[in-house]
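Enquirer: The amino acid sequence is not available; the structure is as follows:
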């Protein structure tokens, strides 16, 4: 399915997409073509890509509101992730299980996301122009602060705390019996050996449609105006700071939602320094999808996630079969960071 | 720090406190933590002296890009990587001791220049967001570094000794022992004062770099750099080649970072081939900021004070955290939190100040215009 979407979008993309995107798409196509020849199982690969798409798409979607309002790439994604982790752990702590634990995790994460997003948005309004660097470090500080909190907060649920001391959360918590696969299992479709986690995809579609619809409301249009030309927006009577804060809150909430979606697919809740590893791939994914530092759309999210996750899943198997070296991790780092560098060094209008 | 103004003493003290909030905060933290940690003074002094020798050179190399107004050079890790590649070769050729250190320094120069030149040119394409770009640059080059060291060394690039290769036959081991190079700089000319080992030669090298920085500030290029740092447009109008000056500042920073990394590694005594450089940038930047530097202004004094305070905190925090909360991991996380926190704070202060200056300049311009109109 991934290949089909790429193929359909290709002619249209070719006009707009830059050199690096061309390379990545080409690279992925070559991988797809080579899959049968090197003896890798194509349906399993496709299932993997669809699965990974369903885990990561919402996180990538979390980039959209902030890019729209001109806050740049959301390197502060860890804040949203932390809100999601708080929601997830609290839901388990309060003894919810099964699908209910997912619903409660979302509900419990929401106030944290609004709180973090509100504070973070207010901060970003004070430092317009330097958002990305500060966002990165706000994320780091928040993660290391929460590292202390995971140890100190009075969690007691035996599924989460260290068995020996009875306090302090473990770095990895299994979600079996809680919200592991609750969405993926919903309306699960199996065609041949290709499996589709319909529920997860539906939730993503719902959220993506929500954002798309929001961006076409009056507030959403105002947000785009703020992002493309703040001076003009102010002249038009839009409260720039409030619109920006709203976009940050939305991004943070989507980040929280995104990590919960990721966990329900992945089956584990990862604490401590784990959120550090989520930001760069997410930022890279939306850029690969055709977004720039101040422009992003829902198709960018979808294409970017498919391309990036396609690369992540296909490289190890195919490359391994050809040269017997697992270079996938290194290739992933070079491609994703290179993509971010490319976006940062483009001359973009609307620099304040 | 030494502001010449004629305001009353109380106001001056207040200004001093406000201007140096971060160092003062760290002095207070250290003052609370040292007794709690229970370390003896001689142990602490010994550790601090060792760490000063190890880190100061690296911290000082951050001063050049700040001079040129390019902010904190997160890409100083490029120099560290260049040095690591140089050290791998020297270790493979079995050249140890002082000759090994000197050779590693010389070998690192071409790599540093190449990487620095690349980085400088990229940063010229991303004016106004140098810091985030240099930060990403560091990850990007780390990827290439891994490709070279993990896959190409031993398979394409000849590596003679299997002792530094991974068992599979190519790629460098996670830790390369530098036992025969360990502290050879530090031990040469070292003197002991009451059980505290002072690595005189290392400090001499650091002193030389300080002298170089002081001298460099007065040269034509140094003046140009400061002019570019003040205002790029004005500098360009004055006939300074802005782009070239900026690239040079990054290249210099990278080359010196390479030297600093060699000094650092000979002190540590082994080379963590894949993790050695990853934290260097963050720790050096945090140390410089703790010393009272800001994104646009940093002095040699900031570097010295910063290294002492930051590493003092770093040594005592786990033990003190263990005493306070009963869990030494909390202290461990606390010190990481503080290092990130101080960078965050410095960045926020820099951006707010920049905005305030901008709006002030705008207001002044508007006033001047109003006056002009009134005069006509």
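Expert: That came through, no problem. The structure displayed is predicted, hence computed values, not measured ones.
Enquirer: Now do stretch A:178-186: distance from first to last residue.
Expert: When the termini of stretch A:178-186 are compared using Cα to Cα, to the nearest Å, they are 15 Å apart.
Enquirer: Now do the buried residues in it.
Expert: For stretch A:178-186, burial by neighbour count (16 or more other Cβ atoms under 10 Å in any protein chain shown) applies to A:178, A:179, A:180, A:181, A:182, A:183, A:184. Just so you know, the C-beta spots here come from the backbone N, C-alpha and C atoms, and that holds for glycine as well.
Enquirer: now, which of those residues lie within strands?
Expert: Using DSSP state E to define strands, no part of those is located there.
Enquirer: Contact partners for the closest residue to residue B:321 other than its chain neighbours?
Expert: Leaving out its chain neighbours, the residue that sits closest to residue B:321 by Cβ to Cβ, 6 or more residues apart in numbering or on different chains is residue B:331, at 2.0 Å. Residues in contact with residue B:331 (Cβ atoms under 8 Å, 6 or more residues apart in numbering or on different chains) are B:317, B:318, B:319, B:320, B:321, B:322, B:324, B:325.
Enquirer: And for residue B:89?
Expert: Residue B:89 makes contact with B:104, B:107, according to Cβ under 8 Å, 6+ apart.
Enquirer: ok, it to chain A distance?
Expert: If you measure residue B:89 against chain A using Cβ to the nearest Cβ, to the nearest Å, the figure is 21 Å.
Enquirer: Tell me the pLDDT of that residue.
Expert: pLDDT, the model's per-residue confidence, is 90 for residue B:89.
Enquirer: Name the helix or strand for it, please.
Expert: Taking DSSP states H and E as the criterion, residue B:89 maps to helix B:77-92.
Enquirer: Report the distance from that helix to the chain centre.
Expert: The chain centre lies 17 Å from the centre of helix B:77-92; the measure is Cα atoms, centre = their mean, to the nearest Å.
Enquirer: count of residues packed around residue 65?
Expert: All of this refers to chain A. Taking other Cβ atoms under 10 Å in any protein chain shown as the neighbour definition, residue A:65 ends up with a count of 28.
Enquirer: meant chain B actually
Expert: Counted with other Cβ under 10 Å, the burial measure for residue B:65 works out to 30 neighbours.
Enquirer: Repeat that for residue B:129.
Expert: With neighbours defined by other Cβ under 10 Å, the count for residue B:129 comes to 23.
Enquirer: can you check residue A:139 too?
Expert: For residue A:139, the tally of surrounding residues (other Cβ under 10 Å) stands at 26.
Enquirer: Does it touch residue A:74 like I think?
Expert: No: with contact defined as Cβ atoms under 8 Å, residue A:139 and residue A:74 do not form a contacting pair (9.2 Å).
Enquirer: what's the closest non-adjacent residue to residue B:32?
Expert: Nearest in space to residue B:32, with sequence neighbours left out and distances taken as Cβ to Cβ, 6+ apart, is residue B:320 at 7.6 Å.
Enquirer: What backbone torsions are found at the one you found?
Expert: For residue B:320, the backbone dihedrals (degrees, to the nearest 10) come out as phi -70, psi -40.
Enquirer: Return the set of buried residues in stretch A:207-222.
Expert: Neighbour-count burial for stretch A:207-222 flags A:207, A:208, A:211, A:214, A:215, A:220, A:222 (criterion: 16+ other Cβ under 10 Å).
Enquirer: coming back round to it: what's the closest of the buried residues of stretch A:178-186 to residue B:43?
Expert: residue A:178 (47.5 Å; Cβ to Cβ).
Enquirer: ok, back up a step: ok, and does whatever helix or strand comes next after the helix holding residue B:89 reach over to chain A?
Expert: Using DSSP H and E, the next helix or strand after helix B:77-92 towards the C-terminus is helix B:97-125. Yes: interface with chain A: helix B:97-125 contributes B:122, B:125 (Cβ under 8 Å from any Cβ of the partner chain).
Enquirer: between helix B:97-125 and helix B:77-92, how many degrees?
Expert: Here helix B:97-125 runs at an angle of 150 degrees relative to helix B:77-92 (axes from the mean of the first three to the mean of the last three Cα atoms, to 10 degrees).
Enquirer: Distance of residue A:146 relative to residue B:344?
Expert: 14 Å (Cβ to Cβ, to the nearest Å).
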